[in-house]
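[1] missing the sequence, but the structure's below:
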């Protein structure tokens with residue numbers, strides 16, 4: 001094999017990468033088993049052809065820089081298997097994950113150039129988000145939007161931001177999106193072939209290497225809470241769904257946790273019942289209400305794993321927002337009262 005030094009900002013081709021590391025050249029996720037690597041090729045324009053723009057650098061969150069990447073599978077629901085599994089299990093199998101972004105055509109050729117961003121790790125707390133988008137056949141399907149973080153010593157300086165939405169859109173989802181399970185804790189692979197730019201020896205302030213287990217548990221609890229309540233509603237014959245919203249000029253999507261079409265009630269769940277969590281849920285519900293076009297009389301509901309303080313409960317009453325709390329196998333506050341809160 002030939003050699004190729006991976007330096008952020010390097011512009012190369014898939015063929016050159018394959019010659020150096022022994023991976024394929026045609027898919028968006030290309031494992032190189034003998035080299036102990038997984039290569040990810042992101043091309044936001046490919047999704048834009050079908051009307052969605054999930055790929056790109058997202059806004060930094062509390063854990064630092066974040067890059068979103070739509071998984072493998074052009075038609076039908078994407079699943080966490082096959083090439084997507086290569087990405088999900090890269091840390092567990094101690095394989096390096098390297099991100100490239102499409103960088104125009106090779107002069108005088110139809111081949112696409114690739115710009116190297118750096119070594120990544122899959123977010124161990126929330127590996128991917130489930131979104132809905134049209135496939136190559138035009139049929140709406142579930143897609144997996146992976147959440148990539150810079151590995152220690154890497155940055156997202158070479159990554160392009162997600163393109164803003166060109167129009168307001170509202171997609172009714174036949175069911176609430178399912179939360180991904182956290183990936184197994186594993187030692188973050190150390191960089192071997194990748195090198196920092198000599199003039200930019202940055203280290204990310206927050207990476208997956210120091211994400212705490214506490215946040216992992218909160219997210220898992222929130223997902224389990226939504227799943228349990230959805231099952232409860234369906235057992236009573238309720239029609240449950242959600243929405244996927246894009247806002248013109250803004251990046252990313254808005255997805256409410258759950259909409260009960262039978263009761264015309266919109267729910268936002270939180271994994272803890274602290275004041276800051278409830279305040280965030282209130283803001284999200286008010287924002288979603290503006291966009292979903294629900295029938296008149298929509299009720300807003302905060303779904304929690306335990307009761308908040310008396311004063312926070314008074315806040316919900318003052319804002320006309322219902323409260324439902326999990327209590328073992330049942331949910332207190334449900335069914336919702338017919339009268340206004």
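    Looks like it arrived, so ask away. Since we're looking at a predicted model, the values are computed, not measured.
[2] and the closest residue in space to residue 244 that isn't next to it in sequence, how many neighbours?
    Nearest residue to residue 244, sequence neighbours excluded (Cβ to Cβ, 6 or more residues apart in numbering): residue 171, at 4.3 Å. From N, CA and C alone the C-beta is placed, and that goes for glycine too. Neighbourhood size, residue 171 [other Cβ atoms under 10 Å]: 17.
[3] specify the local secondary structure of residue 171.
    Assigned state for residue 171: strand (three-state reduction, DSSP: H, G, I helix; E, B strand; the rest coil).
[4] how close does residue 29 sit to residue 119?
    Computed as Cβ to Cβ, to the nearest Å, the residue 29 to residue 119 distance reads 15 Å.
[5] between these two, which one's more packed in?
    Neighbours were counted for residue 29 and for residue 119 using other Cβ under 10 Å; residue 119 has more, 26 against 22.
[6] in three-state terms, label that one for me.
    Residue 119 - assigned by three-state DSSP - is strand.
[7] which strand residues bridge it?
    residue 98 (DSSP bridges).
[8] who touches residue 85 in this structure?
    Neighbour list for residue 85: empty [criterion: Cβ atoms under 8 Å, 6 or more residues apart in numbering].
[9] how about the helix or strand containing it: buried residues?
    Using DSSP states H and E, residue 85 sits within helix 83-88. The neighbour-count check on helix 83-88 (16 or more other Cβ atoms under 10 Å) flags 83-84, 86-88 as buried.
[10] in a markdown table, list the residues you listed along with pLDDT and distance to residue 113.
    Listed next are these as a markdown table, based on pLDDT from 0 to 100; distance: Cβ to Cβ, whole Å:
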| residue | pLDDT | distance to residue 113 |
| --- | --- | --- |
| 83 | 94 | 22 |
| 84 | 96 | 25 |
| 86 | 95 | 23 |
| 87 | 94 | 22 |
| 88 | 94 | 28 |
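[11] could the residues you listed be laid out in JSON lines, adding distance to residue 105?
    Shown next, in JSON lines, are the buried residues of helix 83-88 (distance: Cβ to Cβ, whole Å):
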{"residue": "83", "distance to residue 105": "24"}
{"residue": "84", "distance to residue 105": "27"}
{"residue": "86", "distance to residue 105": "27"}
{"residue": "87", "distance to residue 105": "26"}
{"residue": "88", "distance to residue 105": "31"}
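[12] can you get me a residue count around the residue lying closest to residue 136 once chain neighbours are set aside?
    In space, and not counting its chain neighbours, residue 136 is closest to residue 74: 4.2 Å by Cβ to Cβ, 6+ apart. The tally of other residues near residue 74 (other Cβ under 10 Å) stands at 12.
[13] likewise for residue 168?
    Counted with other Cβ under 10 Å, residue 168 comes out at 12.
[14] what's the distance between it and residue 279?
    Distance, residue 168 to residue 279, by Cβ to Cβ: 26 Å.
[15] other SSEs contacting the least confident helix or strand in the chain by mean pLDDT?
    Sorting the helices and strands of the chain by mean pLDDT, DSSP states H and E puts helix 44-48 at the bottom, at a mean of 77. Packing contacts for helix 44-48, counted by 3 or more Cβ pairs under 8 Å, 6 or more residues apart in numbering; DSSP states H and E, involve strand 96-105.
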